[in-house]
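**Student:** can't give you the sequence, but here's the structure:
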DNA sequence: AAGATGTCAGTTGTCTTACAACTGAACAAC
DNA sequence: GTTGTTCAGTTGTAAGACAACTGACATCTT
């Protein structure tokens, strides 16, 4: 608490258009505008917010692309029904498993079950776009909350991304943070979700007979340059997790 | 094929900004621009496409919001890595269960297990925003592919939306299409996904002992005015379904 | 020689002004 | 009752000007 935050911008770095887009979204909410209700005209809004018309139009265009408003040339802009499907923290948000679990109220303890370097299976090689002969790090972990296993996960990382010896690296923390420290920060992923039961040998090896049905999320994570940096299979205990999303 | 399509607009109704957004997205693709590559300047693009700068800027702003490009003031616009996470037909697309199943190659036969009018449970009443005393239609169905049960579903519809007697309505078709005919077309939904096993009484009643783990999608569907029109619980057979999505 | 400061060119961000295009309502003509 | 015209209000597009930012380079100070 004596630590001073030096990163304190004196000015909002966002463009006026983006700022106004958010202000207008708030305004629609706070003024209780319902689907079909008409927004103030461009002229009224430029006066109200003391902003030029082109900047305002950019903001309105963004709102339109967001699906919040629809526009009829010559008639006006109207609130759409999209606010009916507000979803907090949807499954489509990219975040670490640890952060996600904390959001559900689970402060998990991360147990490393195994760490190894190996030749990747063909699917892993394809997902991580590895050349023949390239190796991967295979990280097997279990996350527990109050001694109850909640998440079993397998992560594959191209060996070349993490220099040094495997046992010199701390594996019980966030893999995303680890990769970030080596300048390969994962930023997005292509994922899929399925309902499965844990594979038998994992059940036997780790005494997970009562895990029950699992929500399996399989994803390939990419860094800012579009390079795949992790392939993960994450089994969430079905009784403790459900993920939300909007469909449009 | 003798039928003439009368809806043939002579002019693209989309604004220039939206058209140009799509043209630029195509250009990024066809010119093989990679993450980090720089786009032509605004000046170059206005000349290339013979469009005014404000319209061009609106288009570029939309591309930025789409995550296709990032902008640095004074420096230029750059392609982001978003194309790394192209997902066909994500879970976030709103469509009927029948259409979704067909996409997986399953032409399902829809069996009506039960249809009834009842007083809703508190959760259903809340989700459908019903007043005290309002009733719902409860529709229980099973979808089979080659005689194998793939999807068990429960749908709740406000009674007032579908006039007439229950047994006069054809329930084995698409519920979305049925509601559309009564001017309550579902257009979007708020949903969640979990891994479960079928409830015991359903297993026993319908001989579904070998269904295995199920991917349960629970969703409330809204029409164009934001009014909730269906609350559904859809159990997908785990062995036959997995849904994709992008995380950003 | 190294570090700090200032200048400049190129680019994006914002603004002002003007005219074009569209929509629905109102009214006139048939 | 139907069709055509006009009008007011609104969005769509354009041209021109200046502000703000960034990195590269030059100059000054130690």
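**Tutor:** Here it is on my side, so go on. Since the model is a prediction, treat every value here as computed from it, not as a measurement. Numbering: from 1, shown residues only, chains lettered A, B, ... in the order given.

**Student:** With adjacent residues omitted, what lies nearest to residue A:197?
**Tutor:** Closest residue to residue A:197 apart from its sequence neighbours, by C-beta to C-beta, 6 or more residues apart in numbering or on different chains: residue B:213 at 5.5 Å. Where C-beta positions appear, they are placed from N, C-alpha and C, glycine not excepted.

**Student:** The one you found: how many residues sit nearby?
**Tutor:** 24 (other C-beta atoms under 10 Å in any protein chain shown).

**Student:** what does the one 5 residues further on give?
**Tutor:** When neighbours are counted by other C-beta under 10 Å, residue B:218 registers 20.

**Student:** show me where chain A has helices.
**Tutor:** Secondary structure of chain A by DSSP state H: the helices cover A:16-30, A:42-49, A:53-65, A:97-103, A:122-127, A:175-181, A:200-206.

**Student:** deepest of these, which one?
**Tutor:** Stretch with highest mean neighbour count among these: helix A:53-65 (a mean of 20; mean count of other C-beta atoms under 10 Å in any protein chain shown).

**Student:** quick one, which of the helices of chain A is nearest to residue B:78?
**Tutor:** Closest approach to residue B:78 among the helices of chain A (C-beta to C-beta): helix A:16-30, 17.3 Å.

**Student:** Please compute how far that closest one lies from its chain's middle.
**Tutor:** 23 Å (C-alpha atoms, centre = their mean, to the nearest Å).

**Student:** Kindly report the same for stretch A:136-153.
**Tutor:** Relative to its chain's centre, stretch A:136-153 lies at 19 Å (C-alpha atoms, centre = their mean).

**Student:** okay, residue A:22: pLDDT?
**Tutor:** Residue A:22 carries a pLDDT value of 92.

**Student:** Which of the helices of chain A sits closest to DNA strand D?
**Tutor:** Closest to DNA strand D of those is helix A:42-49 (C-beta to the nearest atom of the strand; 3.8 Å).

**Student:** That closest one - contacts with which helices or strands?
**Tutor:** Counting contacts by 3 or more C-beta pairs under 8 Å, 6 or more residues apart in numbering or on different chains; DSSP states H and E, helix A:42-49 packs against helix A:16-30, helix A:53-65.

**Student:** any bit of the longest one sitting next to DNA strand D?
**Tutor:** So that's helix A:16-30. No - shown here: helix A:16-30 not in contact with DNA strand D (C-beta under 7 Å from any atom of the strand), separated by at least 10.9 Å.

**Student:** same thing with stretch A:77-87?
**Tutor:** Yes - Stretch A:77-87 comes into contact with DNA strand D (C-beta under 7 Å from any atom of the strand), by way of residue A:77.

**Student:** can you list contacts of that stretch?
**Tutor:** A:28-29, A:33-39, A:60, A:64, A:66-72, A:244-248, B:187-190, B:222-228 (C-beta atoms under 8 Å, 6 or more residues apart in numbering or on different chains).

**Student:** Please indicate which of those are buried?
**Tutor:** A:28, A:33, A:35, A:39, A:60, A:64, A:68-70, A:244-247, B:187-190, B:222-224, B:226-228 (16 or more other C-beta atoms under 10 Å in any protein chain shown).

**Student:** Inside strands: which ones of those?
**Tutor:** The strands, defined by DSSP state E, take in A:69-70, A:244-247, B:187-190, B:222-223, B:228 from those.

**Student:** can you tell me which two in these are farthest apart?
**Tutor:** Maximum distance among these (C-beta to C-beta): 25.1 Å, for A:70 and A:244.

**Student:** Contact partners for residue A:219?
**Tutor:** Contact analysis of residue A:219 by C-beta under 8 Å, 6+ apart lists A:189, A:190, A:191, A:192, A:231, A:232, A:234, B:247.

**Student:** ok, now which ones touch the third one?
**Tutor:** Residue A:191 is in contact with A:217, A:218, A:219, A:220, B:244, B:245, B:246, B:247, counting by C-beta under 8 Å, 6+ apart.

**Student:** what's the span of stretch A:46-56 from first residue to last?
**Tutor:** Using C-alpha to C-alpha, to the nearest Å, the end-to-end distance of stretch A:46-56 comes to 7 Å.

**Student:** ok, it near DNA strand C or not?
**Tutor:** Yes - using C-beta under 7 Å from any atom of the strand, we find that stretch A:46-56 touches DNA strand C at A:50, A:51, A:52, A:53, A:54, A:55.

**Student:** Quick check, the last one in contact with residue A:16.
**Tutor:** Yes - the criterion here is C-beta atoms under 8 Å, and residue A:55 meets it with residue A:16 at 4.8 Å.

**Student:** how far does the worst-scoring helix or strand of chain A on mean pLDDT sit from the chain's center?
**Tutor:** The least trusted helix or strand in chain A, going by mean pLDDT, DSSP states H and E, turns out to be helix A:175-181, with a mean of 86. Distance of helix A:175-181 from its chain centroid, counting by C-alpha atoms, centre = their mean, is 15 Å.

**Student:** And the residue of chain A that's closest to DNA strand D?
**Tutor:** Closest residue of chain A to DNA strand D, C-beta to the nearest atom of the strand: residue A:74 (3.1 Å).

**Student:** burial count for that residue?
**Tutor:** Residue A:74 has 5 neighbours, counted by other C-beta under 10 Å.

**Student:** quick one, phi/psi of it?
**Tutor:** Dihedral angles of residue A:74 (phi, psi; degrees, to the nearest 10) stand at phi 90, psi -10.

**Student:** can you pull the contacts of the residue positioned nearest the centre of chain A?
**Tutor:** What sits nearest the mean C-alpha location of chain A, by C-alpha atoms, centre = their mean, is residue A:94, with 1.0 Å. Contact partners of residue A:94, counting by C-beta under 8 Å, 6+ apart, are A:186, A:187, A:188, A:189, A:221, B:247, B:248.

**Student:** go with 7 Å
**Tutor:** When contacts are counted by C-beta atoms under 7 Å, 6 or more residues apart in numbering or on different chains, residue A:94 touches A:187, A:188, A:189, B:247, B:248.

**Student:** how close does the last one get to residue B:193?
**Tutor:** Which is residue B:248. 18 Å (C-beta to C-beta, to the nearest Å).

**Student:** How about the first one?
**Tutor:** Computed as C-beta to C-beta, the residue A:187 to residue B:193 distance reads 23 Å.

**Student:** And for the second one?
**Tutor:** Distance, residue A:188 to residue B:193, using C-beta to C-beta: 20 Å.

**Student:** Which residues lie in contact with the closest residue to DNA strand C within chain A in this structure?
**Tutor:** Per C-beta to the nearest atom of the strand, residue A:74 is where chain A lies closest to DNA strand C, at 2.1 Å. Contact analysis of residue A:74 by C-beta under 7 Å, 6+ apart lists nothing.
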